[in-house]
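Participant: quick one, structure for this:
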Amino acid sequence: MAKTLKIKPNRLLILALAVLLIIGLAVGLVSLLFGSRGAALQLAPTSLARGQDFRIDGEGIAFATDEAFFEYRAGGGGNPLTTTPLGAPISGYDMSGDNLAVFSGSTLQIRGLAEVELTGTIHAVRCGNNHVAVLRRNAQSGADSIIVFDSAGAASADALDYSDGKVLNFGFHTEGGNELLWAVTVATAQSRPVFVVKMHDYAGGGAMRYLPSFFDQAIERIFFTEDSIFVAGTQDLVRYTLTGGREKYRVRIFGQSVLDMGTSSGGVSFLLQPRGENFLRTLRVLTVAESDYAGESLVSLHLPDAPVSAFLQNGSLYAFTSERLYGFNYAGRSILDLELPATPLRVRAVGQAHMLFETEDRVYLATVTS
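Facilitator: Numbering: from 1, shown residues only. Next up, the predicted model:
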C-alpha cells in the first residue's frame, strides 16, 4: 500500500519561501544579464538650434547664431541663462566656466572686456578659467603663433612662436591650482613629420617643457587626469607623469581611434573604436592603471548596429544606434538596453547626468531615469 506523504503547514511555508527566493534570484539574474528593465530615456525639448556647433563645458552648453550668443545650463530646463546680442556674425568662440571669448577675422573679444584688434588672422581660441589663448596665422608667411591674455585682458609679453611647424590642437589644464597652456604641434621641415606636445607655465615665469617627440606616428588626442598626461597616437597610447613629463609606459592601439576617456576606482578607461568598414559595430574599453605599469585590460563589445554616438559618462559606456540605447559598465556588463523614442543624428554627454539628443526635428536634453 502506497504511503501518502504529508507536509506540515510550517514546511509548506518554508517551501513557498524557498520557491519565492528562487524566483527572485532568477529575476535578479535576468536583470543582471540584460540590464535595467525599468529604465527610460527622458527627453525634454529645448530651444537650442538643430545643427549648431555646440560647446559643452561641464554642465554648461553654448552656441552662436548670426544674431546672438546663447548659454544654457543642463539643469535649467532648456531655457537659456543668458542671451548676448551680436553686432555681427562671429567666426568662432570658446568657453570655460565663466570665461568666454569670441572672434571674427582679426578681432577678439573676451567677456567683460573691450574688443582687441590683433595682427594676423585668428584661427581659434581656447579658454581656461583664468586665461584665453589665441591662435593666429600670419597672412604672408603662414607661420602660427599663440598669444595669451589673462583675466584682466593683459596680453603675454611675447607671443609663442610656432614658425617651425603648425599647431594642431591646444588648450588649458590646471595643475596644482596653476593653469598651464598645452599645444600639440607638427614640424614638417624634416623628411618626415615630427609631432610634439609643449607645456607653457605662465605663472611659473613662462617656463616651457616638452614631452618626447613622436617620430613614428601622429598625435590624435591628449587627455589629462590629476596624475597623468595620456597622449593618444595613431599607434600607441602613452602615459606621462604630470610633473616632469616622464614616460611611464605605452600600450599599442594601432588600428583604433580613441573616442573618450573616463576615470573610476578601477583606473583610467579609454573608449576605442577600430578603424575600417568591418568594425563599425565594435567598441572597446581599454582600462589602464596610473602607475609604472599599465596592467591593461581590454573589453570588446559587438553591437547589433553601428553606433551613431558613443561616450563614457559617470562610470558607464553609452552607445546610441538609430533605434536603441545600450549601456555597459567598464567591464563590459550590460546595464541598459532601451528602445529610443526618436532617431538620433547626434548625441553628446553633458556633465555627469545629461545628454544633448539631436534629431531631425529638434534638440532635446536627455536623462536616463530608472
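
Participant: what segments of this protein are helices?
Facilitator: Using DSSP state H, the helices assigned to the chain run over residues 9-34.

Participant: can you pull up the most central residue in it?
Facilitator: Asp260 (5.2 Å; Cα atoms, centre = their mean).

Participant: please report how far that residue lies from Leu283.
Facilitator: 10 Å (Cβ to Cβ, to the nearest Å). Where you see a C-beta, it was placed from the backbone N, CA and C, and this is true even at glycine.

Participant: burial count for the residue lying closest to Val167 once chain neighbours are set aside?
Facilitator: Counting by Cβ to Cβ, 6 or more residues apart in numbering, the nearest residue to Val167 once its immediate chain neighbours are dropped is Asp144, at 4.7 Å. Neighbour count of Asp144, defined by other Cβ atoms under 10 Å: 24.

Participant: quick revisit: separation between the residue nearest to the centre of the chain and Leu272?
Facilitator: In terms of Cβ to Cβ, Asp260 sits 9 Å off from Leu272.

Participant: returning to that earlier point: please identify every residue contacting each of Asp260 and Leu283.
Facilitator: Taking Cβ atoms under 8 Å, 6 or more residues apart in numbering as the contact rule, Asp260 and Leu283 both touch Leu271, Ala310.

Participant: about what we covered before: hang on, the residue nearest to Val167 packs against Ala133?
Facilitator: No: counting by Cβ atoms under 8 Å, Ala133 is not a contact partner of Asp144; they are 12.0 Å apart.

Participant: overlap of the contact sets of the two?
Facilitator: With Cβ under 8 Å, 6+ apart, Asp144 and Ala133 have no common neighbours.

Participant: ok, now which ones touch Gly315?
Facilitator: Gly262, Ser264, Asn329, Tyr330.

Participant: tell me the confidence at the last one?
Facilitator: It refers to Tyr330. What the model reports as pLDDT for Tyr330 is 95.

Participant: quick one: the closest residue to it other than its chain neighbours from Val299, how far?
Facilitator: Of all residues beyond its chain neighbours, the one nearest Tyr330 is Ser269 (4.7 Å), with distances taken as Cβ to Cβ, 6+ apart. Ser269 sits 9 Å away from Val299, going by Cβ to Cβ.

Participant: ok, now Leu325?
Facilitator: Distance from Leu325 to Val299, counting by Cβ to Cβ: 19 Å.

Participant: out of those two, which sits in the more crowded spot?
Facilitator: A count of neighbours by other Cβ under 10 Å puts Leu325 above the other of Leu325 and Val299, at 24 against 18.

Participant: run through the bridge partners of the more buried one.
Facilitator: Phe320, Leu338 (DSSP bridges).

Participant: I figured it was touching Gln313, is that so?
Facilitator: No: counting by Cβ under 8 Å, Leu325 does not reach Gln313; the two are 11.9 Å apart.

Participant: one step back: quick check: neighbours shared by Ser269 and Val299?
Facilitator: Val285, Thr287, Tyr330.

Participant: just give me the neighbour total for the second one.
Facilitator: Okay, so that is Thr287. 19.

Participant: spit out the contact partners of it.
Facilitator: Contacts of Thr287 by Cβ under 8 Å, 6+ apart are Gly266, Gly267, Val268, Ser269, Phe270, Glu296, Ser297, Leu298, Val299, Tyr330.

Participant: could you do Leu280 as well?
Facilitator: Ala306.

Participant: before we move on, what about Thr367?
Facilitator: Taking Cβ under 8 Å, 6+ apart, one finds Leu41, Gln42, Ala44, Ala353, His354, Met355 in contact with Thr367.

Participant: in strands, which of these appear?
Facilitator: Within the contacts of Thr367, residues falling in strands by DSSP state E are Leu41, Gln42, Ala44, His354, Met355.
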